[in-house]
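>>> What follows is a predicted protein model with its sequence.
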Amino acid sequence: MSDDQVPQPRGAGQGISPLRPYLLTAGRAQPVDGTLEIEAQVLTSRLGAASHARLTFERREIVSLCRETKSVAEVAAMLGLHIGVARVLVADLAALGYVVLRRPAGAFTQDLGMIERVIRGLEAIR
């Protein structure tokens, strides 16, 4: 069997290893905060901005991206991460104090701009 006949794992043509999500989350499928919503707003804290250079690549990317508030869904879409991986990484960063989370309140259902941003983020993940 030649090299071009070897079956490729899903995503291999896109340059993404199927092991990557597992490695990014240390094998965890659930975030440390299991209630973290995909519409939760993420904003880099002062500690996160000051610690930027010491963070691993993916965490550094999230901290950089969230200097302006983004939802967890937007973070996933913009960085090309599975939503579950983004939830794990964002929850880890929040637990360490590198990002601040703003959780949806009852008025969330009335914020059409927020709903539209979450929908665009989810569509980008597809």
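In hand now; what should we look at?
>>> Give me the next element, helix or strand, following the lowest-mean-pLDDT helix or strand in the chain.
Across the helices and strands of the chain, mean pLDDT, DSSP states H and E gives its lowest value to helix 20-24, namely a mean of 59. For helix 20-24, the following helix or strand on the C-terminal side (DSSP states H and E) is strand 41-44.
>>> That following strand pairs with which strands, and in what direction?
If you go by DSSP bridges, strand 41-44 pairs up with strand 70-71 (antiparallel), strand 99-102 (antiparallel).
>>> for whichever helix or strand comes after that strand, packing partners?
Downstream of strand 41-44, the next assigned helix or strand under DSSP H and E is helix 46-51. In terms of contacts (3 or more CB pairs under 8 Å, 6 or more residues apart in numbering; DSSP states H and E), helix 46-51 is packed against helix 57-65. Where you see a C-beta, it was placed from the backbone N, CA and C, and this is true even at glycine.
>>> And the helix it packs on, what's buried?
58-63 (16 or more other CB atoms under 10 Å).
>>> Of all pairs in these, which one spans the longest distance?
The distance between the two most remote of the buried residues of helix 57-65 (CB to CB) is 9.9 Å, for 58 and 63.
>>> Point out where the chain drops to low pLDDT.
Within the chain, the stretches with pLDDT under 70 are 1-32, 34, 106-111, 126.
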